[in-house]
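A.B. asks: got a predicted structure plus its sequence, pasted below:
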Amino acid sequence: QVQLVESGGGLVQPGGSLRLSCATSGFTFSSYPMSWHRQAPGKERELVARISTTGGISNYADSVKGRFTISRDNGKTTVSLQMNNLKPEDTAVYYCSQGWSSWDYWGKGTLVTVSS
């Protein structure tokens, strides 16, 4: 079955960096766009970044543009999110998902806390 497992979350100070990874299995990874979403306490889940099947196209939410970079390794069937210059408002559970504009499968998420 499809499995998406996020890792790399943690506590970081404002201005710091984290790299999230999502290990996948159970589907032909190279055939699917992949996305990262996040959900902050008391807020709705929002799309953060997405990447095409080859990695040639990526989109970002305005709030993270220029600070976050999504990438994928089709050989290792992983998708990553490099997060730089983190801000307290980036605090959220981050989810890996399969798809571009609709998402059928999700990981369980990894918590990112940005605080001094």
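C.D. replies: Received it, and whenever you're ready, just let me know what you need. Numbering: from 1, shown residues only.
A.B. asks: please pull out the lowest mean pLDDT helix or strand from the protein.
C.D. replies: strand 105-106 (a mean of 94; mean pLDDT, DSSP states H and E).
A.B. asks: and residue 69, how far is that from residue 79?
C.D. replies: Using Cβ to Cβ, to the nearest Å, residue 69 is found at 11 Å from residue 79. All C-beta atoms are positioned from the backbone trio N, CA, C, and that covers glycine.
A.B. asks: ok, these two, which is more surrounded?
C.D. replies: residue 79 (30 against 16; other Cβ atoms under 10 Å).
A.B. asks: would you confirm that the more buried one contacts residue 58?
C.D. replies: No. The pair residue 79 / residue 58 is not scored as a contact, 10.7 Å apart, by Cβ atoms under 8 Å.
A.B. asks: before we move on, which element is residue 111 in?
C.D. replies: Assessed by DSSP states H and E, residue 111 sits inside strand 110-114.
A.B. asks: could you do residue 101 as well?
C.D. replies: Using DSSP H and E, residue 101 falls outside every helix and strand.
A.B. asks: tell me, how many neighbours does it end up with?
C.D. replies: Residues near residue 101, counting by other Cβ under 10 Å: 8.
A.B. asks: quick one: the strands in this protein, in order.
C.D. replies: 3-7, 10-12, 18-25, 34-39, 46-51, 58-60, 68-73, 78-83, 92-98, 105-106, 110-114 (DSSP state E).
A.B. asks: give me the spatial nearest neighbour of residue 34, chain neighbours excluded.
C.D. replies: If you skip the residues right next to it in sequence, residue 34 has residue 79 as its closest partner in space, 4.3 Å away by Cβ to Cβ, 6 or more residues apart in numbering.
A.B. asks: ok, the one you found - contacts?
C.D. replies: Going by Cβ atoms under 8 Å, 6 or more residues apart in numbering, residue 79 touches 21, 22, 24, 34, 36, 51, 70, 71, 72, 73, 96.
A.B. asks: is the closest residue to the last one other than its chain neighbours bridged to anything, and to what?
C.D. replies: By the measure of Cβ to Cβ, 6+ apart, the closest residue to residue 96 outside its immediate chain neighbours is residue 22, 3.4 Å from it. Judged by DSSP bridges, the bridge partners of residue 22 are residue 6, residue 79.
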